[in-house]
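**Q** quick one, what's the 3D model for this:
(one chain, ligands or ions: 2)
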Amino acid sequence: MSGTAAPGPGIVLVDRPVPSRLPEAPHGTPGHPLPIVIDCDPGHDDAVAILLALARPDLRVLGISTVAGNAVLERTTETALRVLALAGRADVEVAAGAAHPLEGPLHTAPHVHGESGIEGPALPDPVTAPIGEFAPHAMARWIRAAAEPVVLVPTGPLTNVALLLQEHPEVHDRIAHICLMGGSITEGNITPSAEFNIWVDPEAAQTVFGAGIPLTMIGLDVTHRSIVWEREREALAREGGRVGAVVGGLLAYFQAFHERTYGWAGTPIHDAVAVAHLAMPGLVRTAALDVEIETEGRFTRGRTVVDLRRVTGRTPNAHVGLDIDRERFVALLGEAIRSYA
Ligand code: BDR
Ligand code: CA
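**A** Ligands and ions are numbered 1, 2, ... in the order given. From the prediction side, this is the model:
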């Protein structure tokens, strides 16, 4: 195994888990797939998350909403359409959403994803256009039309989801769960304290974490342990046909950032872990904990303050990812990508 990232057992809670009434992330089956909405800012890892979700028979993607984050909204929306073209899924609606965070200016991540938000291999041209409906309204419509409560899978800043909750209170009890990539118990990746998705729009994150909807936070503590090593990426590119070749290229570009920054000979695929957690029960070890969003700190704005030792006595509002079975994650991903061939 190449690389040296994150050895050891992940975050360890020494006390016994506290029973919680907070429902855990639900799972579907091929006969009864889980209805999900992906809210994303693609992004290399968002693109892989979308491909993974579309390949899973136990998940049904009701629609994809886009938000500004890794790149400006026009770019993230176009990329979502290109990914659907790659997947051959022109039937999935894409709705463009918020172009800016709830407050303050937009910060993008060209140092990670390149100017377009997804530099690297060429993606096919879009074969569809975004529907002309603002994403939070489209999300509400998808949720209302679903036969059962829906799971939201946010993999970008939480602006669209906050607007959905603020403007469509009637759908709150139709949202079964929010399984998001964002936050961290320990390290940040855009500041020493904060993870990118939460840091871009902390006010939105505060709304989402405070909404009282069952939530799972897949943060950097988990995703930095979900690394696809170089030889695994090469196998994916070799054996995964047309889609595998593109995914291999995306991961090669993403790896370059992680090699420069962390010295890893591989790359995490943050956003795909949020989807994988819905596809594979037990993949991510979680604990029910209280998570508050720092919106004011001079050095800590955008931090997810996780009450790991339960010192506040506050009722947990999130299942927080502590560790992941990396090998199972990589196997799941390989199976999904090969299924397109
Ligand atoms: C998150 O930030 C973005 O760059 C990635 O797409 C992921 O959603 C990781 O911090
Ligand atoms: Ca993302």
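**Q** show me what from the protein comes close to ligand 2.
**A** Counting by Cβ under 5 Å from the ion, the chain comes close to ligand 2 at 41, 43, 46, 155-156, 271. Using the backbone N, CA and C atoms, a C-beta is placed for each residue, glycine as well.
**Q** would JSON lines of the residues you listed with neighbour count and pLDDT be doable?
**A** Shown next, in JSON lines, are these (neighbours: other Cβ atoms under 10 Å; pLDDT from 0 to 100):
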{"residue": "Asp41", "neighbour count": "33", "pLDDT": "98"}
{"residue": "Gly43", "neighbour count": "30", "pLDDT": "95"}
{"residue": "Asp46", "neighbour count": "33", "pLDDT": "98"}
{"residue": "Thr155", "neighbour count": "32", "pLDDT": "98"}
{"residue": "Gly156", "neighbour count": "31", "pLDDT": "98"}
{"residue": "Asp271", "neighbour count": "31", "pLDDT": "98"}
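**Q** which members of those residues additionally contact ligand 1?
**A** Residues shared between the residues of the chain next to ligand 2 and the neighbourhood of ligand 1 are 43, 46, 155-156, 271 [Cβ under 6 Å from any ligand atom].
**Q** the closest residue to ligand 1 within the stretch 101-250 of the chain and Gly219, how far apart?
**A** The nearest approach of the stretch 101-250 of the chain to ligand 1 comes at Phe196, 3.7 Å away (Cβ to the nearest ligand atom). Distance from Phe196 to Gly219, counting by Cβ to Cβ, to the nearest Å: 11 Å.
**Q** the two: which is more packed in?
**A** Of the pair Phe196 and Gly219, Gly219 is the one with more neighbours under other Cβ atoms under 10 Å, namely 29 against 25.
**Q** contacting residues for that one?
**A** 181-185, 195, 304, 320-321 (Cβ atoms under 8 Å, 6 or more residues apart in numbering).
**Q** dump the residues you listed to CSV, plus pLDDT, secondary structure and neighbour count.
**A** Formatted as CSV, the contacts of Gly219 follow (pLDDT from 0 to 100; DSSP: H, G, I helix; E, B strand; the rest coil; neighbours: other Cβ atoms under 10 Å):
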residue, pLDDT, secondary structure, neighbour count
Met181, 98, strand, 31
Gly182, 98, coil, 31
Gly183, 98, coil, 29
Ser184, 98, coil, 23
Ile185, 97, coil, 21
Glu195, 98, coil, 26
Thr304, 98, strand, 26
Val320, 97, strand, 29
Gly321, 97, strand, 31
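**Q** and which of the residues you listed is nearest to Phe254?
**A** Met181 (14.0 Å; Cβ to Cβ).
**Q** and the residue nearest to the closest one when sequence neighbours are not counted, what does it touch?
**A** The shortest distance from Met181 to any non-neighbouring residue, by Cβ to Cβ, 6 or more residues apart in numbering, is to Ala274 (4.3 Å). Taking Cβ under 8 Å, 6+ apart, we find Ala274 in contact with 49, 153-155, 179-181, 216, 218.
**Q** what is the burial count for Ile143?
**A** Based on other Cβ under 10 Å, the number of other residues close to Ile143 is 23.
**Q** shouldn't it be within a helix?
**A** Yes - membership of Ile143 in a helix is supported by DSSP: H, G, I helix; E, B strand; the rest coil.
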